[in-house]
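Participant: next comes the sequence, and after it the predicted model I'd like to discuss.
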Protein chains: 2
Amino acid sequence: MPVTIDDVARTAGVSTATVSRALRGLPHVNELTRAAVHRTALDLGYVPSKSASTLASGRTRTVGVVTPHIAKWYFAHAIEALEEELRAVGYDVLLLVLPPGPTSTRPAFDPEELRQRVDAVAVLTVPLTGSELDGLRRLRLPMAFVGASVAGAVSVRIDDVAVGRTATEHLLRLGHTRIGHIGGDPDEAVNFHTPVDRRTGWMSALRAAGLSPDRSLDVPGMFTVDGGRRAVRALLALRDPPTAVFAASDEMAFGAMSEARAAGVRIPEQLSVVGVDDHELAGLFGLTTVGQPVEDQGRAAARLLLAALDGSTTHSNEHLLLPVALVERSSTAAHATAVLPDR
Amino acid sequence: MPVTIDDVARTAGVSTATVSRALRGLPHVNELTRAAVHRTALDLGYVPSKSASTLASGRTRTVGVVTPHIAKWYFAHAIEALEEELRAVGYDVLLLVLPPGPTSTRPAFDPEELRQRVDAVAVLTVPLTGSELDGLRRLRLPMAFVGASVAGAVSVRIDDVAVGRTATEHLLRLGHTRIGHIGGDPDEAVNFHTPVDRRTGWMSALRAAGLSPDRSLDVPGMFTVDGGRRAVRALLALRDPPTAVFAASDEMAFGAMSEARAAGVRIPEQLSVVGVDDHELAGLFGLTTVGQPVEDQGRAAARLLLAALDGSTTHSNEHLLLPVALVERSSTAAHATAVLPDR
DNA sequence: CTGTTAGCGCGTTCAG
DNA sequence: CTGAACGCGCTAACAG
C-alpha cells in the first residue's frame, strides 16, 4: 500500500540506489536527475520507511531520553527543549521513564532495551544504580548527562554547590544566621548528586560565615510541594526555628511559603525563603530564587549528542557548566534584629 | 555485533521460527522448548531488533502522540499518563510537537510523516486544520482524541460547556452578576473547541440567570499566566468592572489573582476567581476551580487505542466524557452587596 | 509441534 | 554519475 523506493525509482526511470542517494543529499548525483527524483517522490507522496532504513544502515535516527518524570517542571522543560532541538534535524525522541524513588523500590532498568533502538542517549537527572550506569556504558553509544555529570560521558548541568552557596549567602547577607535547608529524599540513590550538592553549598556557606550548621535545620522535602509544606512545618515546630529557609527547588519553596503563611508566619518579615529554578510561577509567589536555564541545558545536551553522532566531535569529554543567577523578589528580607553589612 | 535471533536459534538447537514463536508467547510451542529458548535468549542477552520486526510484520508497536506542548500542565500530565499506560504493554510513544498558535503561523503538519512509523495516534487538544485532520484520517490508523472530539474517531474529554457553566453557576450562586471571562486566543484555529465551549458555558449560565453577557467582560488570556495578568488588568480598568471572573484555565487564574492583588484588589472580598484544571498549585493559591482528571483522560485514550489495536474493539466510536467537579477554595466569596439565595 | 523459505523496504558495496 | 545485487534481522505462510 505505501509508496516504496521502488515505485519512485520505476516512475522516475532510475534505480533505487539513485533514488536513495538523491533523496538523502549524497554527492555523485547529477543535479538534474536529483531534481527529477525529488519531484516524483513528492508526486507519489513517498515517505521512506524508517524501519527499513534503520535495518539497512544500522542507524536509527532516534535518541533515547531517560528520565524519572515527564510532568515535573525541570524534566518537562528539559525534554521539550531536547525534543525540539533533535526533531529540527530529523531525530526522534524515545522516552524512557524510570520510576523515581530509591532505586531499590523500582524495577531495574535494563539498558539493553535501548540496544538497536537509539543512536545516542540523554540521561536526565535520575538516580541510577552503578550497574545501570555500567549497562548504559556497555551500549557504547554517545551519552549525555543533563543535570549531573558522570565520568566518561559528556554532560551539561549547573554547579549545584554554587546554587546552594548563592542562595545561602544571599540570606547571610540579609543578616540571617539560623538558616534552614529543605532538601531531597535522604534515602535517594547514591548517584543522585543534585540534592547533595545543593546541601553542601548551604553548609559551606554557613561554615564560611563562621556558623556551624544545625542538623535539626536540615529537613527533607522530597522535591515536592507537599514535601515543602511538611518540611517547613517541622522547621517551625523547632524550639529555635530558623528565620530563613533555603529550599532546593521552587516547588518545595512554594509549599513552604504557603504552609508557613497558613501557620500565621509572615513572609518575608518572619521568614525569608529562597528557592531554586526560577519556575514560571515563582514570580507570582514573589519567590526569590536561584534561576537555572533548563531549556539551555536540554538544547546543549542535544547539540553535544548530535556532534558526537556527526563524528565531528573532538573530545567526548565536555562538561558544560551553565550559569545560574539569583533572582531577587519579595520572599526574602533582612533579618529583623540583625545588623546588616553595609550593602 | 548484537545478538540475533539466529544466534539464539543456533545455540538452542532450534529454528528461528521457533525462537520467534517461543519468545512472543505464541501457541503451538512445546513448553519445554519454549523454556529452553527463553533461557538461551537470556543467557545470550538477546534483544529483538525492533526495526526488523516492524519491517517484517508491518506493526511498529509505537503510538504517535500529537501535541502542541510538552511542558504545559495539561499536556505534560496527559502525556505522562499515556506513556505509562502504553509502555506497560510494550508500546513506545513517538512525540510530535506541533507548534501552537494560529495554524496559519506554523509549518503545516504532514500526517504522512507518521505512515509506517506508528500503529495508532493520540491527538491531544491541538488546533488542527481541516486538511491535517483529513491527512490523519487517510492514514486509516486507530485514532483517539484527547480533550476534544472529532467525528469518526474515538475520544475522551470533559464536557467543556459544563465546565464553563459549573464555574459560572458557582459565581452566580454567590450573588455575582458581573462575571468576567478570561478565555483563549480568539485567533485560534477553528477546530479548537475547548476555549469556545468553556466560553459558551459561561454565556449560557449567565443567560439562564437572566443576565445578558457583556462583551467587554469577555477577554482573551491565551491560556498563559501572563495572558491572565493582562486580561484581569483590562477587566479592572473597565468603567464597571466585574466582581467575579471565570478563567478558562488555572494558569490564567493564577496570573489573574496575582495581578489583581498587585493592583490592590483583595481576593475574594473584591474579586472572586474561578479556574479550570485543579492544577497541583491551585491549592496553594487557594483557587476555587473546576477540576478535571487529566491522567484519567490520558489513560483512557491509551486503553481505547490498545483496544482498537487488539481488534477487540466493538464500535470504534466511543466518546468518553469524564466527570469534572467544582473544588471550592478561598478565591471565591459572596458578592458583598448581593442578596444570596438561601443556599 | 517444528523447520524452510520468502520477502518486508531500504542502504550499500562494487562494477561499470 | 548510475545500476545490480546482496543482506540487515525478523515474521509469516507453508510444509512436514
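Facilitator: Looks like it arrived, so ask away.

Participant: count of residues packed around residue A:68?
Facilitator: 19 (other Cβ atoms under 10 Å in any protein chain shown). C-betas here are computed from N, CA, C, even on glycine.

Participant: likewise for residue A:25?
Facilitator: Residue A:25 - counted by other Cβ under 10 Å - has 8 other residues nearby.

Participant: and if you look at the one 3 residues further on?
Facilitator: Summarising burial for residue A:28: neighbours were counted as other Cβ under 10 Å, giving 6.

Participant: that one in helix, strand or coil?
Facilitator: coil (DSSP: H, G, I helix; E, B strand; the rest coil).

Participant: how about it, what does it touch?
Facilitator: residue A:21 (Cβ atoms under 8 Å, 6 or more residues apart in numbering or on different chains).

Participant: surely residue A:245 meets residue A:256?
Facilitator: Yes - if you go by Cβ atoms under 8 Å, residue A:245 and residue A:256 touch, sitting 6.0 Å apart.

Participant: the more surrounded of those two?
Facilitator: Under the criterion of other Cβ under 10 Å, the comparison of residue A:245 against residue A:256 puts residue A:245 first, with 35 against 32.

Participant: quick one: contacts for that one?
Facilitator: A:179-182, A:232, A:235, A:253, A:256, A:271-274.

Participant: how much distance is there from stretch A:250-262 to the middle of the chain?
Facilitator: Distance of stretch A:250-262 from the chain centroid (Cα atoms, centre = their mean, to the nearest Å) equals 23 Å.

Participant: quick one, helices of the stretch 151-300 of chain A?
Facilitator: With DSSP state H, counting those that start in this stretch, the ranges of helices along the stretch 151-300 of chain A come out as A:160-173, A:193-208, A:225-236, A:250-262, A:282-285, A:294-310.

Participant: picking that back up, so what's in contact with residue A:245 and residue A:256 at the same time?
Facilitator: A:182, A:232, A:273.

Participant: who's in contact with the first one?
Facilitator: Okay, so that is residue A:182. So residue A:182 contacts A:219-221, A:227-228, A:231-232, A:235, A:245-248, A:252-253, A:256 (Cβ under 8 Å, 6+ apart).

Participant: go again with 6 Å.
Facilitator: Counting by Cβ atoms under 6 Å, 6 or more residues apart in numbering or on different chains, residue A:182 touches A:219, A:221, A:228, A:231, A:247, A:252.

Participant: next one: phi and psi at residue A:128?
Facilitator: phi -100, psi 150 (degrees, to the nearest 10).

Participant: output the shared contacts of residue A:245 and residue A:256 as TSV; include the columns distance to DNA strand C and pLDDT.
Facilitator: Converted to TSV, the shared contacts of residue A:245 and residue A:256 look like this (distance: Cβ to the nearest atom of the strand, whole Å; pLDDT from 0 to 100):
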residue	distance to DNA strand C	pLDDT
A:182	52	97
A:232	57	97
A:273	55	98
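
Participant: in what helix or strand does residue A:78 lie?
Facilitator: Using DSSP states H and E, residue A:78 sits in helix A:73-88.

Participant: now for that helix, which elements pack on it?
Facilitator: strand A:120-124, helix A:294-310 (3 or more Cβ pairs under 6 Å, 6 or more residues apart in numbering or on different chains; DSSP states H and E).

Participant: next SSE downstream of the shortest one?
Facilitator: Right, the one you point to is strand A:120-124. helix A:130-138.

Participant: tell me the helices and strands packed up against the next helix or strand after that next one.
Facilitator: Downstream of helix A:130-138, the next assigned helix or strand under DSSP H and E is strand A:143-146. When contacts are defined as 3+ Cβ pairs under 6 Å, 6+ apart, strand A:143-146 packs onto strand A:120-124, strand A:154-158, helix A:294-310.

Participant: roughly how far apart are residue A:160 and DNA strand D?
Facilitator: 41 Å (Cβ to the nearest atom of the strand, to the nearest Å).

Participant: to what extent is that residue buried, counted in neighbours?
Facilitator: 25.

Participant: spatially nearest residue to it (excluding sequence neighbours)?
Facilitator: residue A:197 (3.4 Å; Cβ to Cβ, 6 or more residues apart in numbering or on different chains).

Participant: name the helix or strand for residue A:39, please.
Facilitator: In this assignment (DSSP H and E), residue A:39 forms part of helix A:31-44.

Participant: anything in the least confident helix or strand in chain A by mean pLDDT near chain B?
Facilitator: Ranked by mean pLDDT, DSSP states H and E, the weakest helix or strand in chain A is helix A:130-138, scoring a mean of 86. No - counting by Cβ under 6 Å from any Cβ of the partner chain, chain B has no neighbours in helix A:130-138; the shortest distance is 9.7 Å.

Participant: can you pull the contacts of residue A:75?
Facilitator: So residue A:75 contacts A:67, A:69, A:124 (Cβ under 6 Å, 6+ apart).

Participant: nearest to residue B:86, of the helices and strands packed on helix A:73-88?
Facilitator: strand A:120-124 (19.7 Å; Cβ to Cβ).

Participant: most tightly packed of the helices of the stretch 151-300 of chain A?
Facilitator: helix A:250-262 (a mean of 25; mean count of other Cβ atoms under 10 Å in any protein chain shown).

Participant: what's the angle from that one to helix A:225-236?
Facilitator: Relative orientation of helix A:250-262 versus helix A:225-236 (axes from the mean of the first three to the mean of the last three Cα atoms, to 10 degrees): 50 degrees.

Participant: what's the ChimeraX line that selects buried ones from the contacts of residue A:75?
Facilitator: Selection of buried members from these for ChimeraX, criterion 16 or more other Cβ atoms under 10 Å in any protein chain shown:
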select /A:67,69,124
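
Participant: quick check: residues of chain A near DNA strand C?
Facilitator: For chain A, the contact set with DNA strand C under Cβ under 7 Å from any atom of the strand comprises A:2, A:4-6, A:16-17, A:20-21, A:23-24, A:46, A:48-49, A:52-53, A:55-57, A:59.

Participant: just the buried ones from those, in ChimeraX syntax?
Facilitator: Of these, the buried ones can be selected in ChimeraX as follows, counting by 16+ other Cβ under 10 Å:
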select /A:4,5,20,21,23,46,48,49,52,53,55
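
Participant: near the residue in the stretch 101-250 of chain A that chain B sits nearest to, how many other residues are there?
Facilitator: Scanning the stretch 101-250 of chain A for the residue nearest chain B gives residue A:116, at 4.8 Å (criterion: Cβ to the nearest Cβ). Residue A:116: 21 surrounding residues under other Cβ under 10 Å.

Participant: shouldn't it be in contact with residue B:49?
Facilitator: Yes - with contact defined as Cβ atoms under 6 Å, residue A:116 reaches residue B:49; the gap is 4.8 Å.

Participant: look up the closest residue to residue A:225, ignoring the ones flanking it.
Facilitator: Per Cβ to Cβ, 6+ apart, closest to residue A:225 is residue A:255, 4.0 Å.

Participant: can you pull the contacts of that neighbour?
Facilitator: A:225, A:228-229.

Participant: dihedrals phi and psi, the nearest residue to residue A:41 once chain neighbours are set aside?
Facilitator: In space, not counting the residues next to it along the chain, residue A:41 is nearest to residue A:8; the distance is 5.1 Å by Cβ to Cβ, 6+ apart. Note on residue A:8: its backbone torsions stand at phi -60, psi -50 [degrees, to the nearest 10].

Participant: contacts only, for residue A:8.
Facilitator: A:19, A:40-41, A:44, A:46 are the contacts of residue A:8 under Cβ under 6 Å, 6+ apart.
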